[in-house]
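Enquirer: what would the 3D arrangement of this be:
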Amino acid sequence: MQFLKDYPRKKITLQEIEQHYLLKDYRELYDFILSLIEQELISPIKSSGRNGKKPSLYKSYRLKISLENEKSLQDEVTYVFHPLLNQEYYLTHLKQYQLDRESILKINNFFKNKRELLQKSTSINERSFQIFTQEKFLATEGKRLLKNLGLSLEDLNLYETAEPLAYFSLSKKTPQTILIIENKDTFYSLRKHLMSGKTTIFGQEVQTLIYGGGKKVWKGFCHFEESVEPFLLHELNRFYYFGDLDYEGILIFEQLCAEFYCEPLVSAYEAMVKKATHLSLPQTKEGQNRNEKGVFFSYFEETSQMRAILEAGLYIPQEIVTMSDF
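Expert: Modelled structure (predicted):
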């Protein structure tokens, strides 16, 4: 049963047991699973459901770990851990240490032999590969291990990364006007509009379009200076926002302008409302946060029609306007 004792996770699937032990038929697999349960090596995870065969078996099992080498594990934590790794959690959770041991020793080795690499800041995935030779491990399972060891991501000298901002510029002149677009289709349509020789959008001259991508825009603009060319950082540039007319779109704008000054492109929203006047509008998605603070509406002289649409549980998608409207 060494395979089960050395298995690196707390749970194992029926398929993994079957593939490892290569039993000759289903009846032998069934008897084997029952014997493991009787020996208290595994216990069924009932929420995993049954496999549909007769007699049926559960699809997943929880491993019952025994500490045959408890003293050696205790000594390893006490004497092998680097001084910067806190021993307390694993000394009182040796079964968990047995499960985490392979990854913990990689962290320990990094601190013992490669700690000089921490002098240079790097991204989380790059650091993860340095430590575990798995680029995604640190952002997922690795966070739990660090916490158990009394470490944080900051202790690994990391810098944050965000999705690069996608933008299109007609000109690099400064100062200039920049329009942030919530949705991809509208971004591409407006890009085509500008590339066709037009210079204004709903009466506003625009030199650069930025694709916000909905809620993702917040992260992108947290790293704005690192994501764009210098001409977009000119202090006299003016930023506008244009998105869906729904509570979510309004909150995206209000959260963005709380951190990064911009205004709604009033003429674009007015064009949306005008075009929607005699249309049957779609229902607002359930569960939208309606706690807008009034910042968005403060830019408009007339808000009653927009508010009436929202209060009726309806919304106007940005895609209501097309190339012929711009």
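
Enquirer: what about the stretch 151-300 of the chain, any weak spots by pLDDT?
Expert: 162, 218-220 (pLDDT under 70).

Enquirer: could you pull out the strands for this protein?
Expert: Secondary structure of the chain by DSSP state E: the strands cover 11-13, 42-44, 60-63, 122-123, 158-159, 166-169, 177-181, 200-201, 204-205, 208-211, 238-242, 263-264.

Enquirer: dump the ones you listed to TSV, plus distance to residue 308 and mean neighbour count.
Expert: (Each C-beta comes from the backbone N, C-alpha and C, glycine too.) Written out in TSV, the entries for the strands of the chain read as follows (distance: least, C-beta to C-beta, whole Å; neighbours: other C-beta atoms under 10 Å):
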stretch	distance to residue 308	mean neighbour count
strand 11-13	53	15
strand 42-44	57	17
strand 60-63	52	18
strand 122-123	47	16
strand 158-159	46	16
strand 166-169	34	18
strand 177-181	25	24
strand 200-201	26	18
strand 204-205	26	14
strand 208-211	30	23
strand 238-242	21	22
strand 263-264	18	19
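
Enquirer: could I get these as a markdown table with distance to residue 27?
Expert: Putting the strands of the chain into a markdown table (distance: least, C-beta to C-beta, whole Å) gives the following:
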| stretch | distance to residue 27 |
| --- | --- |
| strand 11-13 | 19 |
| strand 42-44 | 18 |
| strand 60-63 | 18 |
| strand 122-123 | 52 |
| strand 158-159 | 53 |
| strand 166-169 | 58 |
| strand 177-181 | 62 |
| strand 200-201 | 71 |
| strand 204-205 | 75 |
| strand 208-211 | 59 |
| strand 238-242 | 66 |
| strand 263-264 | 69 |
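
Enquirer: out of the ones you listed, flag the one nearest residue 54.
Expert: Taking C-beta to C-beta as the criterion, residue 54 comes closest to strand 42-44 out of those, the separation being 16.6 Å.

Enquirer: and residue 74, how close does it get to residue 102?
Expert: When C-beta to C-beta, to the nearest Å is the yardstick, residue 74 and residue 102 sit 17 Å from each other.

Enquirer: just to revisit the earlier point, right, and the strands of the chain - which one's nearest residue 107?
Expert: Scanning these with C-beta to C-beta as the criterion, the closest one proves to be strand 158-159, at 14.3 Å.

Enquirer: which elements pack onto the closest one?
Expert: Counting contacts by 3 or more C-beta pairs under 8 Å, 6 or more residues apart in numbering; DSSP states H and E, strand 158-159 packs against strand 122-123.

Enquirer: residues making contact with the strand it packs on?
Expert: 130, 157, 158, 159, 161 (C-beta atoms under 8 Å, 6 or more residues apart in numbering).

Enquirer: again, only using 6 Å
Expert: Applying C-beta atoms under 6 Å, 6 or more residues apart in numbering, the contact partners of strand 122-123 are residue 161.

Enquirer: average pLDDT across it?
Expert: For strand 122-123, mean pLDDT is 90.

Enquirer: what separates that strand from the chain centre, distance-wise?
Expert: Relative to its chain's centre, strand 122-123 lies at 17 Å (C-alpha atoms, centre = their mean, to the nearest Å).

Enquirer: may I see the buried residues of stretch 270-280?
Expert: Residues of stretch 270-280 classed as buried under the neighbour-count rule (16 or more other C-beta atoms under 10 Å) are 270, 271, 272, 273, 276.

Enquirer: now the helices: where do they sit in the stretch 151-300 of the chain?
Expert: According to DSSP state H, counting those that start in this stretch, the stretch 151-300 of the chain carries its helices in the segments 184-195, 217-222, 224-227, 247-259, 266-276.

Enquirer: neighbour count: residue 74 and residue 102, which is higher?
Expert: When residue 74 and residue 102 are compared for neighbours, residue 74 comes out ahead with 16 against 11, by other C-beta atoms under 10 Å.

Enquirer: re the thing from before, wait, which of the helices of the stretch 151-300 of the chain is closest to residue 88?
Expert: Among the helices of the stretch 151-300 of the chain, helix 217-222 sits nearest to residue 88 (C-beta to C-beta), with 34.9 Å.

Enquirer: what's the burial count for residue 308?
Expert: Look at residue 308: counted by other C-beta under 10 Å, it has 10 neighbours.

Enquirer: I meant residue 306, not that one.
Expert: Residue 306 is flanked by 20 other residues according to other C-beta under 10 Å.
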